[in-house]
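> Below are the sequence and a predicted model for it; my questions follow.
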Amino acid sequence: MTDQDTAPDDTDDAADKGERIAKVMARAGLCSRRDAERWIAEGRVRVNGKVIDTPATLVTDPTTVVVDGKPLAAPAEPQLWRYHKPPGLVTSHKDDQGRETVFDQLPREIGRVVSVGRLDLNSEGLLLLTNDGGLARELELPSNDWVRTYRVRVFGYVDDEKLAVLQNGITYEGVKYGAINAQIEKKTGRNAWLIVSLSEGKNREIRRVMEYLELQVNRLIRTGYGPFRLDNLQRGDVQLVPRRQMIDQLGGKLDGAGTAIKMTKTGWAKAKAKPNAKPKPRKPRADKARTDKATPGKSHSAKSHTGKPRAAKPSARKPRT
């Protein structure tokens, strides 16, 4: 029996058993999957009136889920925001040290959101936010190979040869870092601005890698995350990504996230071309002016459109004396 023979039955069985509780909570925009697992361990989640103790619990009806005594909200339409994170904010909903977080500064009207990845305390720049935890998880997957782009100011001696070492990846203090593309944007004395691109995104990766090169990072700005750009977004500003742009940029990642998004020909997604559709023939363009065929011995400029001979125009030249 082939995989194709068994696939439909397996899919049906999985649908009947339901989805993992952590995924259901994340999709509802309540929290990330990681937070959901922690809340479950703390005994804050009930299903069918019973406290659960494992995130592997399968749920077929989200209305049976209660978190902190409140029923789980229905999945909201997934949305995505671009946010310019200022330095000095923690990318976390709560901080053990009591420091101010990104979410403390967001406008209340956008509701509960989670971040796609993180930026450390002293870093700034583009941070993607979404109300759909499943979508956030999908966009963070290393398999996406989404390139993160940064402008990095470093102190120390740097040249192209030194940066070229990073292209093949390095190992520093027992941690292996993948390929990084770094180029010099400009130099001012001992300081230099670099353009750094990577797709791995480990914790404090750029700072650690620059430390390996004996360079000290004194400013780090993320300017791009996959297809999304910081552009002219000012510090602290948050901007909703238009629906059509979100569909165009994310494509099948929305399906992979299991969101409740709907795509229609007249809605967000582009209409698909019909198979075997024949192109419509183009109509020949009508000539704006009629061209007459020349006949020997006759001049076309001699007659007007009425057929009468045209009067000769008086010459502007003075007669010779």
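Yep, that arrived.

> going on from the lengthiest strand in the chain, what's the next piece of helix or strand?
Looking across the chain with DSSP state E, the single longest strand is strand 216-225. Counting by DSSP states H and E, the element after strand 216-225 in chain order, helix or strand, is strand 228-229.

> Does anything pack onto that next one? Which helices or strands?
strand 124-130 (3 or more C-beta pairs under 8 Å, 6 or more residues apart in numbering; DSSP states H and E). Every C-beta, even on glycine, is put in place using the N, C-alpha and C of the backbone.

> helix or strand right after the strand it packs on?
helix 133-140.

> So which residues make contact with the helix or strand just after that following helix?
Per DSSP H and E, the first helix or strand lying C-terminal to helix 133-140 is strand 148-155. Residues from elsewhere that reach strand 148-155, judged by C-beta atoms under 8 Å, 6 or more residues apart in numbering: 125, 182, 185, 190-199, 201, 206, 210, 215-226.

> How about the contacts made by Thr171?
Per C-beta under 8 Å, 6+ apart, neighbours of Thr171: Tyr177.

> ok, now how distant is it from Val165?
12 Å (C-beta to C-beta, to the nearest Å).

> residue ranges with poor pLDDT in the protein?
Along the chain, segments meeting pLDDT under 70 span 1-16, 75, 252-321.

> for it, what spans make up the helices?
3-17, 21-27, 33-41, 102-105, 133-140, 160-164, 205-212, 243-250, 253-257 (DSSP state H).

> In CSV, list those along with distance to Val65 and mean neighbour count.
Below are the helices of the chain laid out as CSV (distance: least, C-beta to C-beta, whole Å; neighbours: other C-beta atoms under 10 Å):
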stretch, distance to Val65, mean neighbour count
helix 3-17, 16, 9
helix 21-27, 6, 25
helix 33-41, 10, 18
helix 102-105, 23, 16
helix 133-140, 14, 24
helix 160-164, 50, 13
helix 205-212, 36, 20
helix 243-250, 27, 16
helix 253-257, 19, 19
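
> just so I know, which of the ones you listed lies nearest Ala56?
helix 21-27 (7.9 Å; C-beta to C-beta).

> Point out the other helices and strands that the closest one packs with.
Under the contact definition 3+ C-beta pairs under 8 Å, 6+ apart, helix 21-27 sits against helix 33-41, strand 45-47, strand 58-59, strand 65-67, helix 133-140.

> So for His84, which of those sits nearest?
Nearest to His84, of these and by C-beta to C-beta, is helix 133-140 at 18.0 Å.

> Show me what counts as buried in stretch 46-55.
Neighbour counts over stretch 46-55 (16 or more other C-beta atoms under 10 Å) mark Arg46, Val47, Ile52, Pro55 as buried.

> What backbone torsions are found at Glu77?
phi -60, psi 130 (degrees, to the nearest 10).

> Count the neighbours of it for me.
12 (other C-beta atoms under 10 Å).

> any idea how far it is from Val209?
Glu77 sits 39 Å away from Val209, going by C-beta to C-beta.

> now swap in Arg151 and tell me
According to C-beta to C-beta, Arg151 and Val209 sit 15 Å apart.

> same question, Gly236
Gly236 is 28 Å from Val209, by C-beta to C-beta.

> again, but for Val154
11 Å.

> ditto for Glu140
20 Å.

> swap in Gly224?
Gly224 is 18 Å from Val209, where distance means C-beta to C-beta.

> Ser32 too?
Computed as C-beta to C-beta, the Ser32 to Val209 distance reads 27 Å.

> Buried ones among the contacts of strand 148-155?
125, 182, 192-194, 196, 198, 201, 206, 210, 215, 217, 219-226.

> okay, how far is it across stretch 100-117, tip to tip?
This stretch, stretch 100-117, spans 18 Å end to end (C-alpha to C-alpha, to the nearest Å).

> Go through it and flag the buried ones.
Val102, Phe103, Leu106, Val113, Val114, Ser115, Val116.

> neighbouring contacts of it?
Residues from elsewhere that reach stretch 100-117, judged by C-beta under 8 Å, 6+ apart: 26, 29-32, 76, 81, 83, 85-86, 88-95, 127-131, 133, 136, 139-140, 201, 225, 236, 238, 240.
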